[in-house]
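[1] can you look at this prediction? I've put the sequence above it.
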Amino acid sequence: MYRCGVGDGDRPGVFGKSTAEMQMLSTFTDAGWDFVDETANGTEDIWRMCIDGMNYPLLWWQFNKADFKCPDGVDFVDFTVLANAWLSDSEQVNWNPRCDIAKPQDNVIDIADLEIFCDNWLQGL
């Protein structure tokens, strides 16, 4: 069985992890990795992993930009996130910077973002 290490090899207490363990979110959050939608390890949302046992963690930007919420893929759940932020700007409570996906980013969730969202949703069909 292939095993990977977690930790600093020069310090005691470093141990290998099985493939199954390396595909569990808790393996990484327990080690202090900062994931999307958790704040215990920071608020920068560097990593993302949706379902235990399916994949390894990826950097947040490796996911489809319209895939706001797990599970992987653009779907109706993601549409509800966009709808909740609809017509908001960075000064409003319902502002969600992840929904500002049109280029260039203009700090407003509007029709330009909806167009990009729809294009990404339709690509998955």
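    Looks like it came in fine. A quick note: this is a predicted structure, and the numbers were derived from the prediction, not measured.

[2] now the helices for the chain?
    19-22, 25-29, 76-85, 111-123 (DSSP state H).

[3] what about residue 47, neighbour count?
    20 (other CB atoms under 10 Å). Where you see a C-beta, it was placed from the backbone N, CA and C, and this is true even at glycine.

[4] from residue 86, how far off is it?
    Applying CB to CB, to the nearest Å, the value for residue 47 to residue 86 is 28 Å.

[5] format the helices of the chain as CSV; extra columns: distance to residue 52.
    Below are the helices of the chain laid out as CSV (distance: least, CB to CB, whole Å):
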stretch, distance to residue 52
helix 19-22, 9
helix 25-29, 6
helix 76-85, 18
helix 111-123, 25
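
[6] switch those over to CSV; also include mean pLDDT and distance to residue 98.
    Putting the helices of the chain into CSV (pLDDT from 0 to 100; distance: least, CB to CB, whole Å) gives the following:
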stretch, mean pLDDT, distance to residue 98
helix 19-22, 93, 26
helix 25-29, 94, 19
helix 76-85, 96, 8
helix 111-123, 94, 10
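
[7] Serialize those to JSON lines and add fields for distance to residue 40 and mean neighbour count.
    Putting the helices of the chain into JSON lines (distance: least, CB to CB, whole Å; neighbours: other CB atoms under 10 Å) gives the following:
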{"stretch": "helix 19-22", "distance to residue 40": "19", "mean neighbour count": "14"}
{"stretch": "helix 25-29", "distance to residue 40": "7", "mean neighbour count": "17"}
{"stretch": "helix 76-85", "distance to residue 40": "22", "mean neighbour count": "16"}
{"stretch": "helix 111-123", "distance to residue 40": "29", "mean neighbour count": "16"}
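
[8] go through those and name the closest to residue 103.
    Smallest distance to residue 103 across the helices of the chain (CB to CB): 8.1 Å, for helix 111-123.
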